[in-house]
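>>> sequence unknown, structure follows:
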């Protein structure tokens, strides 16, 4: 930056100012580079020590200002929203009522009865309900057959529906580990093995998997926009990825080996195996992905208009498109998978995704909205060395969140004139040049996302952030931290299914334990979660 700088060329105050700005940016750049190199050198030293059988430098976290390390933007996002503790009495179920009398010896002679003063006290009883069933037994000599009474619905083996429901709730909704659940139950005199607890959690769950599938279908139908995110997870010690789709009525989890765009399309397809189709839609996708014309012409010679498997497409790609690099070949698979997704009618089609700006979420739906909170996090992560640059950053962040709250106000009372005004304000704000190069580059990147960030001006009911999906991902992270990860495919399916049920029940205001017990005991008095989602469908929009 300063290689061709000549101080003798400074002839006026403005020239001196520009020279100082350039020098400050060099200082900032060198400070950032120095910090990165010091961290890299320390990491190499630690690795070298470990290779020699020694220990690396201990990680001792110093006491620092938490605000400088916290990348959350909740304070800015919730600006102006006060917190108040509301009464919960109307939500408390009264199980019994007891009249408390005043000792008559304490009362004077002229006392007058004034009624009752109600005080609600919450308590709980945890006790066993062990039953010795005496099953009638008959034998028919003529038929040489024994007739034995059956156990009531929900009772299997040596355990009843209450215990099974509690184990599932503690593990999937309360985040307890299997050993802790065993310890908890044994404290109340229950005799149960670790293997039996594991069986409750992961075996014979086909009905639950069907409930999850119904929740997902109902969730997709409940709105034509969806939140989406993913997070790393472990399956039998291997790295995989958990994909989260949700809206205010449901949350669904899908764990897959990869997190690329093809995997996201597969989750949206919701089929046992990924499906592919070649048609005009494929050509449009290929053109959007920037593939050469000869590729489109070659693909048109392949079978058109019929559902294909991944192995079939892979064979043709290896034969006819071997000249393409790996990324270009991936675009061919994605275009064919998207064609199959938009052609089918069994799974509701999502026309708009709300996500962060990860590349795997792009070019899947007709519209793509980006998260303002995630965008603000990029600025929150910046750590300028100079006070001058720090002031510039803080001033811009203040204007950033002021504009965000203007968008929130627009959602309450939208109009075409206000949309035009906010568009102009966006252009002004994100065309700002501060002289702090790192900040200016970040501002320019935000401006490049204008269409995705301002979709709310066309669809005012859209959320401005992707927090629901991130909160769903956080639940998986907490579960992963506590229980590491499933070790079998049965366990993996159970994790996805029961976490979907627990998260959705919470959003719908349904007790997860009560719901599980209703199903396990074979009562079916509660409506399904999918039915509740359908009854509460969200506003939708038409893509223009």
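Alright, I've got the coordinates. This one's a predicted model, so the numbers in the text were calculated from it and none came from an experiment.
>>> the residue nearest to residue 285 when sequence neighbours are not counted: helix or strand, and which one exactly?
Nearest residue to residue 285 in three dimensions, chain neighbours excluded: residue 335, at 3.6 Å (CB to CB, 6 or more residues apart in numbering). Every C-beta, even on glycine, is put in place using the N, C-alpha and C of the backbone. Element membership of residue 335 [criterion: DSSP states H and E] is helix 326-343.
>>> quick one: average pLDDT of the next helix or strand after that helix?
Sequence-wise, the next helix or strand downstream of helix 326-343 (DSSP H and E) is strand 352-355. In this model, strand 352-355 carries a mean pLDDT of 97.
>>> please compute how far the helix or strand just after strand 352-355 lies from its chain's middle.
Sequence-wise, the next helix or strand downstream of strand 352-355 (DSSP H and E) is strand 367-370. Remark: strand 367-370 is offset 16 Å from the chain centroid, using CA atoms, centre = their mean, to the nearest Å.
>>> over to stretch 326-344?
Using CA atoms, centre = their mean, the offset of stretch 326-344 from its chain centre is 24 Å.
>>> pull out the buried positions in the helix holding residue 335.
Residues of helix 326-343 classed as buried: 328-341 (neighbour count, 16 or more other CB atoms under 10 Å).
>>> and the closest residue in space to residue 250 that isn't next to it in sequence, how close does it get to residue 213?
In this structure, residue 250 finds its nearest non-sequential neighbour in residue 219, 3.7 Å apart by CB to CB, 6+ apart. Distance, residue 219 to residue 213, using CB to CB, to the nearest Å: 11 Å.
>>> and the two? which has more neighbours close in?
Ranked by neighbour count (other CB atoms under 10 Å), residue 219 and residue 213 place residue 219 first, with 28 against 15.
>>> can you tell me the SS state at the more buried one?
Put simply, residue 219 is helix when judged by DSSP: H, G, I helix; E, B strand; the rest coil.
>>> could you do the one 10 residues further on as well?
When the structure is reduced to helix, strand and coil (three-state DSSP), residue 229 reads as strand.
>>> now it, nearest residue through space, not along the chain?
Closest to residue 229 by CB to CB, 6+ apart is residue 469, at 3.7 Å.
>>> list the helices and strands the helix or strand hosting residue 254 packs on?
Secondary-structure assignment from DSSP H and E places residue 254 in strand 250-256. For strand 250-256, the elements it packs on are helix 206-221, strand 238-247, helix 261-269, helix 467-483, helix 489-507, judged by 3 or more CB pairs under 8 Å, 6 or more residues apart in numbering; DSSP states H and E.
>>> I'd like to know which elements the second one is packed against.
Judged by 3+ CB pairs under 8 Å, 6+ apart, the packing partners of strand 238-247 are helix 206-221, strand 225-235, strand 250-256, helix 261-269, helix 467-483.
>>> now do the buried residues in it.
Neighbour counts using 16+ other CB under 10 Å place 240-247 of strand 238-247 among the buried residues.
>>> wait, residue 382 sits on residue 440?
No. With contact defined as CB atoms under 8 Å, residue 382 does not reach residue 440; the gap is 11.6 Å.
>>> now residue 520: how far from residue 204?
Relative to residue 204, residue 520 is positioned 11 Å away (CB to CB).
>>> in terms of neighbours, single out the busier of those two.
More neighbours surround residue 520 than the other of residue 520 and residue 204, with 22 against 10 (other CB under 10 Å).
>>> picking up where we left off before, quick one: residues contacting the residue nearest to residue 229.
When contacts are counted by CB atoms under 8 Å, 6 or more residues apart in numbering, residue 469 touches 227-229, 244-246, 354-355.
>>> show me the domain layout of this protein.
Split into domains by automatic domain parsing, the chain comes to 160-255+469-544, 372-457.
>>> most neighbours per residue, which of these?
Most buried of the domains of the chain by mean neighbour count (mean count of other CB atoms under 10 Å) is domain 160-255+469-544; its value is a mean of 18.
>>> show me what the closest residue to residue 362 other than its chain neighbours is bridged to.
Ranked by CB to CB, 6+ apart and with sequence neighbours excluded, the top spatial neighbour of residue 362 is residue 368, at 6.3 Å. Under the criterion DSSP bridges, residue 368 forms beta bridges with residue 353.
>>> surely residue 368 meets residue 452?
Yes. Counting by CB under 8 Å, residue 368 does reach residue 452; the two are 5.5 Å apart.
>>> show me which positions of stretch 117-136 end up buried.
Of all the residues in stretch 117-136, not one is buried under the rule 16+ other CB under 10 Å.
>>> that stretch spans what distance, first to last residue?
Counting by CA to CA, to the nearest Å, you get 52 Å between the two ends of stretch 117-136.
>>> how far does that stretch sit from its chain's centre?
Relative to its chain's centre, stretch 117-136 lies at 37 Å (CA atoms, centre = their mean).
>>> hang on, the earlier thing: pLDDT on the helix holding residue 335, on average?
The model assigns helix 326-343 a mean pLDDT of 96.
>>> so what touches it?
With CB under 8 Å, 6+ apart, helix 326-343 has contacts from 260-262, 265-266, 268-269, 274-279, 281-282, 285-286, 289, 291, 295, 299, 307-308, 310, 313-314, 317, 321, 324, 347, 349, 363-364.
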